[in-house]
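Asks: what would the 3D arrangement of this be:
(chains A and B)
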Amino acid sequence: MAYILNMLATHVGDKERVYRCVFHSCNDEVRLYKLSSEGIKISAQAFRDSGKCPSVDRENLCGANPHRTQKSPEDGVVCIHCERIRQIDNVVQNDRKGNLEFVYLIDVVHRPELCNIAHSQIESAPVYRNDKSFRRLMESLAYIVNSDSDAWLILPADAR
Amino acid sequence: MAIAETQALIETAAFNSGSFERADIQETSIVLSERRGHKVVFPQAQPIATQTFSSLRSKPLLPRESYLQHILTSYSVSQAVAPNFSYSVSRMSASRDDTMQASWSNVISGLERLSTHGYLHSRLSLRLKFWISEVNFLISEVRLPWIEPLINYVDQEVSLEWWNANKKLTIYFSDAAIDYIRVWGPNIKNEMEDGEIMNPFFFVALWQWLIS
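Replies: Numbering: from 1, shown residues only, chains lettered A, B, ... in the order given. Purely as a prediction, here's the structure:
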């Protein structure tokens, strides 16, 4: 089955947009956005992923319907242009003395799943050696969203 | 009390704070040394602390008496061990304490919620609360404004995030270290920096940057 799914994977174009679900703050453990008089700010933690490959959905393959990306009706959804993701070039690996070793290449890779053909991942090459590098990616993605007034396609329930 | 005993008490307090590895009382100064060799020097003859940081060149922040008094009172160490600093007690007003309580109260209540629900293990919680008490003191001492952070606890670490205009500061608390990332512009290649917060003074320097 995995082989078939891999056969379905296609290149994600620079001009495409991807959707990311931002879970509604329903518990005390995780709050992925902050509401203030200035509006809504997405947390870098909204892009945290245990495998260090944040999941996104390709707009082109989910009918440009961000509601498909929601896990629950209360969740928010943001979109990011793939070109901007691939332009991220500040995710670096330093040695113990703080000297630059290399820069991670960031890409959006289509990883279709049985239940979600649009599923993709924001991946790095090589894979992250430590949390610090991945934190830089999370921070970069959050900054891209927060600097784009059109990034929020669906606001979380308490921000609507 | 003998100088050696005074030094031992201050050294214990400084070491327990997690910020400094040792304290040396000399004739003209008190030197608190960090793990990586950075030093905070409190000249005995001058009321200003000088600091040396690797990446942030901050201006002198605090009168030496204040921080030492804080260390001493934090550990219920008798003022008798440091008679030279006793006068600073009268300078610490109740209103300043009220300000301190107001600024971090939401953070502390947030941490308590996490602890109550079993998310935050007690050792990290205690360490974080102690660190907050120190930073609390320093920020109120230099009269800096306050911004409410966003608090999260994921993968065994607590994150605090602050935004101010186009500036963003995130700090991560874990058992191993206190790290920060700051971002200050759209060119994230050149306008992002990360590192480890070695002591509360460093955080105050970051805070000054955030609110400036």
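Asks: list of residues touching stretch A:147-155?
Replies: Applying CB atoms under 8 Å, 6 or more residues apart in numbering or on different chains, the contact partners of stretch A:147-155 are A:19, A:40, A:42, A:66-67, A:70, A:75-80, A:144-145, B:166, B:186. Backbone N, C-alpha and C define where each C-beta goes, glycine included.
Asks: per-domain residue ranges of chain B.
Replies: The record, using automatic domain parsing to delimit domains, assigns chain B the ranges B:3-91, B:94-211.
Asks: and of the contacts of stretch A:147-155, the nearest to residue B:157?
Replies: Within the contacts of stretch A:147-155, the smallest distance to residue B:157 is 18.8 Å, found for residue A:42 (CB to CB).
Asks: how many other residues sit next to the closest one?
Replies: Applying the criterion other CB atoms under 10 Å in any protein chain shown, we find 25 residues in the vicinity of residue A:42.
Asks: same question for residue A:15.
Replies: If you count neighbours by other CB under 10 Å, residue A:15 ends up with 9.
Asks: for the one 5 residues further on, same thing?
Replies: Neighbourhood size, residue A:20 [other CB under 10 Å]: 23.
Asks: which strand or helix spans it?
Replies: Under the criterion of DSSP states H and E, residue A:20 resides in strand A:17-22.
Asks: where among the domains of chain B is the average confidence lowest?
Replies: Among the domains of chain B, domain B:3-91 carries the lowest mean pLDDT, a mean of 44.
Asks: residues contacting the nearest residue to residue A:49 once chain neighbours are set aside?
Replies: Nearest residue to residue A:49, sequence neighbours excluded (CB to CB, 6 or more residues apart in numbering or on different chains): residue A:55, at 6.8 Å. Residues in contact with residue A:55 (CB under 8 Å, 6+ apart) are A:20, A:49, A:119-121.
Asks: in the residues you listed, which has the lowest confidence score?
Replies: Within these, residue A:49 has the lowest pLDDT, namely 91.
Asks: can you tell me the SS state at that residue?
Replies: Using DSSP: H, G, I helix; E, B strand; the rest coil, the secondary structure recorded for residue A:49 is coil.
Asks: how many residues are close by it?
Replies: Other residues near residue A:49 come to 13 when the count uses other CB under 10 Å.
Asks: could you list every helix and strand in contact with the helix or strand that the strand holding residue A:20 is followed by?
Replies: Per DSSP H and E, strand A:17-22 leads on to strand A:33-36 as the next helix or strand towards the C-terminus. Packing contacts for strand A:33-36, counted by 3 or more CB pairs under 8 Å, 6 or more residues apart in numbering or on different chains; DSSP states H and E, involve strand A:39-42.
Asks: average pLDDT across the next helix or strand along the chain from the strand it packs on?
Replies: Downstream of strand A:39-42, the first helix or strand assigned by DSSP H and E is strand A:55-58. The predicted model assigns strand A:55-58 a mean pLDDT of 96.
Asks: check what contacts whatever helix or strand comes next after strand A:55-58 and list those residues.
Replies: Once the chain leaves strand A:55-58, the next helix or strand it forms, by DSSP H and E, is strand A:76-81. Residues lying outside strand A:76-81 but in contact with it, judged by CB under 8 Å, 6+ apart, are A:14-22, A:24, A:33, A:42, A:46, A:56, A:59, A:66-67, A:69-70, A:141, A:144-145, A:148, A:150-156, A:159.
Asks: those, buried ones only, as a PyMOL selection?
Replies: A single PyMOL command suffices to select whichever of the contacts of strand A:76-81 are buried according to 16 or more other CB atoms under 10 Å in any protein chain shown:
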select buried, chain A and resi 16+17+18+19+20+21+22+24+33+42+46+56+59+66+69+70+141+144+145+151+152+153+154+155+156+159
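Asks: ok, back up a step: out of the contacts of residue A:55, which is nearest to residue B:180?
Replies: Distances from these to residue B:180 were compared by CB to CB; the smallest belongs to residue A:49, at 21.3 Å.
Asks: measure that closest one to residue A:147 for me?
Replies: If you measure residue A:49 against residue A:147 using CB to CB, to the nearest Å, the figure is 22 Å.
Asks: with residue A:122 instead?
Replies: Remark: distance between residue A:122 and residue A:147 (CB to CB) = 17 Å.
Asks: so which of those two has more stuff around it?
Replies: The residue with more neighbours, out of residue A:122 and residue A:147 and counting by other CB under 10 Å, is residue A:122; that gives 25 against 13.
Asks: tell me if I'm right that the more buried one and residue A:108 touch.
Replies: Yes. The pair residue A:122 and residue A:108 qualifies as a contact (CB atoms under 8 Å) at a distance of 5.8 Å.
Asks: next, show the common contact partners of these two.
Replies: Residues touching both residue A:122 and residue A:108 (CB under 8 Å, 6+ apart): A:56, A:85.
Asks: residues from chain A in reach of chain B?
Replies: Applying CB under 8 Å from any CB of the partner chain, we find that chain A lies next to chain B at A:27-34, A:41, A:43-45, A:48, A:50, A:88-90, A:131-132, A:135-136, A:139-140, A:142-143, A:146-147.
Asks: surely residue A:24 and residue A:156 touch.
Replies: Yes. Taking contact to mean CB under 8 Å, the distance of 4.8 Å between residue A:24 and residue A:156 places them in contact.
Asks: name the residues contacting each of the two.
Replies: Residues touching both residue A:24 and residue A:156 by CB under 8 Å, 6+ apart: A:74-76.
Asks: among those residues, name the buried ones.
Replies: Burial by neighbour count, 16+ other CB under 10 Å: within these this picks out A:75-76.
Asks: could I get the shared contacts of residue A:24 and residue A:156 as CSV with pLDDT and distance to residue B:198?
Replies: What follows is those, written out as CSV (pLDDT from 0 to 100; distance: CB to CB, whole Å):
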residue, pLDDT, distance to residue B:198
A:74, 90, 41
A:75, 92, 39
A:76, 95, 37
